[in-house]
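**Student:** pasting the structure only:
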């Protein structure tokens, strides 16, 4: 199985500090799934789902409001982790959707993977804690941007966070992520190109 998840294997050893001898034991509890563009990985109302590691492809995490409008909260390209934490850790029905925006290969991890990896590796435990802290900091930063920052700065921040996404998704998705109209995004892109 490890030959099909080279990015995940490399990520665990190089970034998370998991020892090579522990890798096979850890990943034996994982599964790998290929998704085609449009496949739904998580739907509103689902219970007890997975943590997803994107080996290849692109996922998106979003909500749909009562008027049917999508609001994209996150994109997850290669080497990103993605989950609905409330759904996963509190076993409550999901409030969000996760789908494959591109054909994607995803490593499916359950909650026990994080616990087992943390017990096996002090380095992984510290790395996971750092990831959580970064994620919380990033969410606060994003909220602050959305409530009080000009769209031009939000767009600039988007480009820093997702340097390779702009060519992979349609303009309306970027606008949804930024909380602006596609027309406003078009003006921003035009101004930025000058």
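**Tutor:** On my side now, so go ahead. In this text, all values refer to a predicted model and were calculated from it rather than measured experimentally.
**Student:** what about residue 175, which SS state?
**Tutor:** Classification of residue 175 by DSSP: H, G, I helix; E, B strand; the rest coil places it in helix.
**Student:** gap between it and residue 109?
**Tutor:** With distances taken as C-beta to C-beta, to the nearest Å, residue 175 is found 31 Å from residue 109. C-beta: built from backbone N, CA, C; applies to glycine.
**Student:** for the two, indicate the residue with more neighbours.
**Tutor:** residue 109 (23 against 20; other C-beta atoms under 10 Å).
**Student:** once you drop chain neighbours, what's closest to the more buried one?
**Tutor:** residue 51 (4.3 Å; C-beta to C-beta, 6 or more residues apart in numbering).
**Student:** and for residue 152?
**Tutor:** residue 188 (5.9 Å).
**Student:** quick check: pLDDT value at the one you found.
**Tutor:** Here, the pLDDT recorded for residue 188 equals 88.
**Student:** element containing it?
**Tutor:** Using DSSP states H and E, residue 188 maps to helix 182-193.
**Student:** list the contacts of that helix.
**Tutor:** For helix 182-193, contacts defined as C-beta atoms under 8 Å, 6 or more residues apart in numbering pick out 151-152, 155-156, 171-172, 174-175, 178, 180.
**Student:** burial check on the residue nearest to residue 152, number of neighbours?
**Tutor:** A count of nearby residues for residue 188, using other C-beta under 10 Å, gives 21.
**Student:** again, but for residue 179
**Tutor:** Residue 179: 15 surrounding residues under other C-beta under 10 Å.
**Student:** which residues are in contact with it?
**Tutor:** Residues near residue 179 by C-beta under 8 Å, 6+ apart: 71, 146, 154.
**Student:** tell me the phi and psi of it?
**Tutor:** phi 80, psi 30 (degrees, to the nearest 10).
**Student:** just how off-centre is the helix holding residue 188 within its chain?
**Tutor:** 25 Å (C-alpha atoms, centre = their mean, to the nearest Å).
**Student:** same deal with stretch 75-91?
**Tutor:** 6 Å.
**Student:** would you work out how far apart the start and end of it are?
**Tutor:** End-to-end distance of stretch 75-91 (C-alpha to C-alpha, to the nearest Å): 23 Å.
**Student:** what comes up buried for the helix holding residue 188?
**Tutor:** Judged by neighbour count (16 or more other C-beta atoms under 10 Å), helix 182-193 contains these buried residues: 185, 188.
**Student:** then stretch 131-147?
**Tutor:** Under the neighbour-count criterion of 16+ other C-beta under 10 Å, stretch 131-147 has 142, 145 buried.
**Student:** mean confidence for that stretch?
**Tutor:** What stretch 131-147 shows for mean pLDDT is 88.
**Student:** contacts for the lowest-mean-pLDDT helix or strand in the chain, please.
**Tutor:** Sorted by mean pLDDT, DSSP states H and E, the helices and strands of the chain end with helix 85-90, the least confident at a mean of 76. For helix 85-90, the external contacting residues (C-beta under 8 Å, 6+ apart) are 42, 46-51, 92-96, 111.
**Student:** recalculate using a threshold of 7 Å.
**Tutor:** 46-47, 49, 51, 92-95, 111 (C-beta atoms under 7 Å, 6 or more residues apart in numbering).
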